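Engineer: Sequence and predicted structure are below.
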Amino acid sequence: MPKKEQQKEQAFHLVVSAGEILLQSGAEIFRVEGTMKHMANSLHIYSLETYIIANGIFATAEGEQDLMRAQIKEVSTGDTDLGKIEAVNTLSRDLEQKRCTLEEALARMEAIRQMGDYPVSLLIPAYAVGAGCFCYALCGSASDSAAAAVVGIFLGIFFWLLRNWKNAKALKTILGSMLVTFFSLVLLNRHLGADLNNIIIGGLMPMLPGVSFTNAIRDFVENDYVSGLIRLMDVLLTVVSMAVGVAIIWQLALF
């Protein structure tokens, strides 16, 4: 393959990869489309046409004279990762301002794809602080907030242990809410905390898909009804799974 044609293919692959990472990391549809088109213009890809939904990318692009390539990309939904979104946006700006070459951009994109999760030393304290602060913000007492923070630690450890479990999101959510309810009951029986409802609600708050819900509404506002509906259904499934997990432990406790 001539070098020029190879560079065209690499450039198109880079643009689609950027869209895939953004979409998988929880970016809004309009942000994915805008970033892909900015990168395409920077790489001299003309007439880029995209159709993007919450779990797929359809893209075609033309070169200076003829059709360059068309690609359909299935994108699996993942957890929100603002670090990857920011990294792709930074790469897009660097390309636009000619601060990196195509080869450098390809290497950086691969590095972004390989970016790991947050270290456990940050993840678990974040769950604890989030659960405790949400409990306090929702009118929980200091003891309730402390109990919620302890529950958050257990929840953070649980999700860290299951960090590679990508395909059973609903089941993981059910198990996580069961864990929150179980440890809330245990701590209440140990006289840490006074209101079971406040402890459970605080422990569950880090699991709520707030960013996904916001993006679903923004997709509806931008007339991306298919993507908005997909994301809204994902949010509803998560919320129902949380309720199921709480109900299971609650019913077992009554017996």
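Structural biologist: All right, it came through fine.
Engineer: So what's the residue count around Arg218?
Structural biologist: Residues near Arg218, counting by other C-beta atoms under 10 Å, number 17. Yep, even glycine has a C-beta here, placed from its N, CA and C like the rest.
Engineer: for Asn189, same thing?
Structural biologist: For Asn189, using other C-beta under 10 Å, the count is 10.
Engineer: So it versus Ala253, what's the distance?
Structural biologist: According to C-beta to C-beta, to the nearest Å, Asn189 and Ala253 sit 10 Å apart.
Engineer: Likewise for Leu208?
Structural biologist: Leu208 sits 23 Å away from Ala253, going by C-beta to C-beta.
Engineer: So for those two, which sits in the more crowded spot?
Structural biologist: Per other C-beta under 10 Å, whichever of Leu208 and Ala253 has more neighbours is Leu208, with 15 against 11.
Engineer: what separates the longest helix seen in the chain from the chain centre, distance-wise?
Structural biologist: The longest helix of the chain (DSSP state H) is helix 225-254. Helix 225-254 sits 17 Å away from the centroid of its parent chain (C-alpha atoms, centre = their mean, to the nearest Å).
Engineer: Buried residues of it, list them for me.
Structural biologist: 227-228, 230-232, 234-235, 238-239, 241-242, 245-246, 248-249 (16 or more other C-beta atoms under 10 Å).
Engineer: which strands and helices sit next to it?
Structural biologist: With contacts taken as 3 or more C-beta pairs under 8 Å, 6 or more residues apart in numbering; DSSP states H and E, helix 225-254 sits against strand 46-53, helix 169-189, helix 196-204, helix 210-221.
Engineer: run the last query once more with 10 Å
Structural biologist: helix 29-42, strand 46-53, strand 56-62, helix 169-189, helix 196-204, helix 210-221 (3 or more C-beta pairs under 10 Å, 6 or more residues apart in numbering; DSSP states H and E).
Engineer: mean confidence score for that helix?
Structural biologist: The pLDDT scores in helix 225-254 average 88.
Engineer: Tell me what angle that helix forms with helix 210-221.
Structural biologist: Taking axes from the mean of the first three to the mean of the last three C-alpha atoms, to 10 degrees, one finds that helix 225-254 is oriented at 150 degrees with respect to helix 210-221.
Engineer: between helix 225-254 and helix 169-189, how many degrees?
Structural biologist: Inter-element angle recorded for helix 225-254 and helix 169-189: 40 degrees (by the same axes, to 10 degrees).
Engineer: got a markdown table for the helices and strands packed on helix 225-254, with distance to Ser92 and mean pLDDT too?
Structural biologist: Listed next are those as a markdown table, based on distance: least, C-beta to C-beta, whole Å; pLDDT from 0 to 100:
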| stretch | distance to Ser92 | mean pLDDT |
| --- | --- | --- |
| helix 29-42 | 5 | 87 |
| strand 46-53 | 13 | 82 |
| strand 56-62 | 15 | 83 |
| helix 169-189 | 29 | 91 |
| helix 196-204 | 36 | 91 |
| helix 210-221 | 19 | 84 |
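Engineer: okay, the ones you listed, which one's buried deepest?
Structural biologist: Most buried of these, by mean neighbour count (mean count of other C-beta atoms under 10 Å): helix 196-204, with a mean of 25.
Engineer: What is it packed up against?
Structural biologist: If contacts are counted by 3+ C-beta pairs under 10 Å, 6+ apart, helix 196-204 sits against helix 120-137, helix 142-161, helix 169-189, helix 225-254.
Engineer: right, so of those, which gets closest to Asn41?
Structural biologist: Nearest of the helices and strands packed on helix 196-204 to Asn41, taken as C-beta to C-beta: helix 225-254 at 23.4 Å.
Engineer: Would you point out which residue is most central in the chain?
Structural biologist: The residue lying closest to the centre of the chain (C-alpha atoms, centre = their mean) is Thr80, at 1.6 Å.
Engineer: State the number of residues packed around the nearest residue in space to it that is not next to it in sequence.
Structural biologist: Of all residues not flanking Thr80 in the chain, Gly26 sits nearest, at 3.6 Å (C-beta to C-beta, 6 or more residues apart in numbering). Other residues within reach of Gly26, judged by other C-beta under 10 Å, total 21.
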